[in-house]
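S.K.: Prediction below, plus the sequence it came from.
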Protein chains: 2
Amino acid sequence: MAFEEEQKIFDSFVRDKGLKHSGQRKDILLTFLKTEKHLTADELHALVKKKNPAVGIATVYRTLRLLCECRLSSELRLGNGAVRYEHFYGHEHHDHLICVKCGNFIEVMDPEIEKLQERLAKKEDFRLQGHKLLMYGVCRKCKQ
Amino acid sequence: MAFEEEQKIFDSFVRDKGLKHSGQRKDILLTFLKTEKHLTADELHALVKKKNPAVGIATVYRTLRLLCECRLSSELRLGNGAVRYEHFYGHEHHDHLICVKCGNFIEVMDPEIEKLQERLAKKEDFRLQGHKLLMYGVCRKCKQ
DNA sequence: ATTAATTATGATAACGATTATCAGTTTCAA
DNA sequence: TTGAAACTGATAATCGTTATCATAATTAAT
């Protein structure tokens, strides 16, 4: 089974927090890692149930919270609707270009924008920890 | 009474859409315009009721939607919790620096960042319509 | 002014996403 | 092996928001 690194991160996190291990959490973690899509809790729950039908939605939410805490995942809020969870560990930071017509989005990155944000934060005496940049528009396909 | 311009915008919008005028909507509009804060629907409802106790929360939501449609207001989603509504007409575009400790935020603006976003969108063949940039960090006060 | 068509309203039910509760189960260190 | 503590699934509760519906208000045409 792959994802040794991610599993090690999760196991250390769980141990350090004084929590206990469980098969459900392992199933959820591996299912999450196996898909590269930005899933909602519900969507992930549906996938996990294929492997382990007994897993409840509450445990999926609880585990996703842990995954975010140990930085294996991060929340993605694109306007309204359910929160989506994306991979975080081992993934470059990126922002999102979201098509207002079809709802699809692509990931983009610009180091200069990041630098300017730092400059902006410094000017206001903020210690910057992170950001979310959502750009809305019409994608190539939908423009036609 | 002030806010003639904004009222004119709203009245034209209502007329052009084939809607009708109502006292409740006028109360909600004026209460919204009078405060510069980024209110939630609930908070605005509480203020409106001081002037007109009969106004219901549903009408506040309905009116806020109209205000966004005619660009007098725009939605502000800062992480979880309720949507906040900010003034849009006559206000420069800006982004937000949000303190993760105290929850306060300040408005900032950097034309260079805007330009770089345009460049990024063009590279991906997106027709950019708008964006939300949320920067999270620790503000001056909370750093101490 | 009267009417008739249409929109607006407030109360509240319904909704979707998420969190809290709780009784029973599992983990794990001693 | 045991006992304290964490974990679980089911589901009730919560929160913000939208839909429904019967009644009221607005408007344009008479």
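M.R.: In hand now; what should we look at? Numbers count the residues shown, from 1 in each chain, chains lettered A, B, ... in the order given.

S.K.: So what pairs up with A:His87 in the strands?
M.R.: Each beta-bridge partner of A:His87 is listed here: A:Ser73, as defined by DSSP bridges.

S.K.: from what I can see it touches A:Lys34, true?
M.R.: No: counting by Cβ atoms under 8 Å, A:His87 stays clear of A:Lys34, with 10.7 Å between them. The way it works is simple: take the backbone N, C-alpha and C, and place the C-beta from them, glycine included.

S.K.: more crowded one of these two?
M.R.: A:His87 (17 against 11; other Cβ atoms under 10 Å in any protein chain shown).

S.K.: OK, contacts around the more buried one?
M.R.: When contacts are counted by Cβ atoms under 8 Å, 6 or more residues apart in numbering or on different chains, A:His87 is found next to A:Leu33, A:Glu36, A:Leu72, A:Ser73.

S.K.: which of those sit farthest apart?
M.R.: The two members of the contacts of A:His87 with the most space between them (Cβ to Cβ) are A:Glu36 and A:Leu72, at 13.5 Å.

S.K.: neighbour count winner among those two?
M.R.: A direct count of neighbours by other Cβ under 10 Å for A:Glu36 and A:Leu72 places A:Leu72 higher, at 24 against 9.

S.K.: what's the pLDDT at that one?
M.R.: pLDDT, the model's per-residue confidence, is 96 for A:Leu72.

S.K.: ok, now which ones touch A:Tyr61?
M.R.: A:Ala41.

S.K.: buried stuff in the helix or strand it falls within?
M.R.: A:Tyr61 belongs to helix A:57-69 when assigned by DSSP states H and E. Within helix A:57-69, the residues that qualify as buried by neighbour count (16 or more other Cβ atoms under 10 Å in any protein chain shown) are A:Thr59, A:Val60, A:Thr63, A:Leu64, A:Leu66, A:Leu67.

S.K.: between these, which is nearest B:Asp42?
M.R.: A:Leu64 (27.7 Å).

S.K.: I'd assumed A:Thr40 was in contact with that closest one.
M.R.: No: between A:Leu64 and A:Thr40 no contact is recorded; they are 9.6 Å apart, counting by Cβ under 8 Å.

S.K.: SS state for A:Gln24?
M.R.: Per DSSP: H, G, I helix; E, B strand; the rest coil, the secondary structure class of A:Gln24 is helix.

S.K.: check contacts around it.
M.R.: The neighbours of A:Gln24, taking Cβ under 8 Å, 6+ apart as the test, are A:Asn52, A:Ala54, A:Val55, A:Thr59, A:Thr63.

S.K.: for A:Gly90, same thing?
M.R.: Under the criterion of Cβ under 8 Å, 6+ apart, the contact partners of A:Gly90 comprise A:Glu5, A:Glu6.

S.K.: Give me the pLDDT value at it.
M.R.: On the pLDDT scale, A:Gly90 gets 86.

S.K.: and the residue nearest to A:Lys51 when sequence neighbours are not counted, how far is that from DNA strand D?
M.R.: The spatial neighbour of A:Lys51 that comes closest, neighbours along the chain excluded (Cβ to Cβ, 6 or more residues apart in numbering or on different chains), is A:Asp27 at 5.6 Å. Using Cβ to the nearest atom of the strand, to the nearest Å, we find A:Asp27 at a distance of 9 Å from DNA strand D.

S.K.: quick one, whichever strand or helix holds A:Asp27 and helix A:57-69 angle?
M.R.: Using DSSP H and E, A:Asp27 sits in helix A:23-34. Regarding helix A:23-34 and helix A:57-69, their directions subtend 60 degrees when assessed with axes from the mean of the first three to the mean of the last three Cα atoms, to 10 degrees.

S.K.: Understood, closing this out.
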